[in-house]
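# Structure for the following, please:
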Amino acid sequence: MRKLIASILTIAICLTSFNSTIAFAATNETNQEMNQSLLSLKKSNFNYLEGKPGDTHLVYTYESNNDKYKVIENASDNFEKVNTTIYVENTEGVFVKYATQTLTINNFTSTLSTNENGYVTTEKQDLSSVKKSELLNNNFISSALASGSYQGYKVSNWKQISTTNSSTRITNYSATAVFAIIAYIAADGATEGLSGAVVAAISAVAGKIIDEAIPIVYYRQIYSEKKLINPPLALRNFVVGSKWLTYFYSDKSHSQFIRSVTDIVYANGYEE
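Model prediction:
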């Protein structure tokens, strides 16, 4: 009889423990659903009140999940730091503070810190080229490929050096943060002093990403160089010009093309 009672109690304890585990798992799942960021939901009807995408100061509104939001952003000149404050319109038509974000980019690592109504998250990404295939070396360049000059030396035409295929996640990034990430990739980290044409191209890419709520952006980057033709030994590895041609896509198979961005940097003293 005692053995039977003990067996029944053992089964009861196991069932209780099992049910508690199920309840705990269900609670965690519910919490994850509750903690889903409203900032990651699709946005529409953007209205830029101050500045335009690509400016270091930007104020705009948008609609998402049947609510209206107002965003104020301030970035450093090189876009390696972006401070964002997000407000949501209440039932009285007043914008109240809802969330803050800080994006920092340092040495090809981006860190996005978000405080969304008291729920704090931090997301880090590696923006360096994770898949790079080196092409032919550029030690010898024929004089037939001359294009421009540098301090009396002839300069080669563009020589393709490497290709890169990678991606970056930007699910709940603000407009300026998206611009900063795309600029950093397209300019290979040299985001200060970008030309107007490059800024316009980056803004177009960022705009499409924001409008279509693209969660992950894929890209293929081709890096090319100009070097001196028959230089002295001391200048053999001197790079006169660098060019980054980046193709952005919204899918992994690179079938949904967004736009390309071309960034070119020459050494001081280069002449066409």
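# Next up, phi/psi of residue 39, please.
Torsion angles at residue 39 (phi, psi; degrees, to the nearest 10) stand at phi -70, psi -20.
# what does residue 182 give?
phi -70, psi -40.
# That one contacts residue 204, doesn't it?
No: counting by CB atoms under 8 Å, residue 182 sits too far from residue 204 to count as a contact (9.7 Å). In this view, the C-beta of every residue, glycine as well, is placed from N, C-alpha and C.
# out of those two, which sits in the busier spot?
residue 182 (28 against 17; other CB atoms under 10 Å).
# That one: what's it in contact with?
202, 205, 206, 209, 217, 248, 261 (CB atoms under 8 Å, 6 or more residues apart in numbering).
# between these, which is nearest residue 147?
residue 261 (22.0 Å; CB to CB).
# Which other helices and strands does the strand or helix carrying the closest one contact?
Secondary structure assignment for residue 261, by DSSP states H and E: strand 257-266. Other helices and strands packing on strand 257-266, by 3 or more CB pairs under 8 Å, 6 or more residues apart in numbering; DSSP states H and E, are helix 175-186, helix 196-211, strand 239-249.
# how about 10 Å then?
With contacts taken as 3 or more CB pairs under 10 Å, 6 or more residues apart in numbering; DSSP states H and E, strand 257-266 sits against helix 175-186, helix 196-211, strand 216-227, strand 239-249.
# can you tell which of the ones you listed is closest to residue 165?
strand 216-227 (5.2 Å).
# Distance of the residue positioned nearest the centre of the chain relative to residue 226?
In the chain, the residue lying closest to the centroid (CA atoms, centre = their mean) is residue 181, at 3.3 Å. Counting by CB to CB, to the nearest Å, the gap from residue 181 to residue 226 is 28 Å.
# repeat for residue 79
From residue 79 to residue 226 the distance is 26 Å (CB to CB).
# Return the helix or strand where residue 46 lies as PDB; C-alpha atoms alone will do.
If you go by DSSP H and E, residue 46 is part of strand 44-50. Listed next in PDB are the C-alpha coordinates belonging to strand 44-50 (Å, rounded to 0.1, in the frame of the first residue of the first chain):
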ATOM      1  CA  SER A  44       4.800  54.600 -44.500                       C
ATOM      2  CA  ASN A  45       3.900  58.200 -45.300                       C
ATOM      3  CA  PHE A  46       7.300  59.700 -44.500                       C
ATOM      4  CA  ASN A  47       7.200  63.500 -44.200                       C
ATOM      5  CA  TYR A  48      10.500  65.300 -43.900                       C
ATOM      6  CA  LEU A  49      10.100  68.500 -41.800                       C
ATOM      7  CA  GLU A  50      13.700  69.500 -41.400                       C
END
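# Just the element for residue 167, please.
According to DSSP H and E, residue 167 maps onto strand 159-169.
# Perfect, I'm done here.
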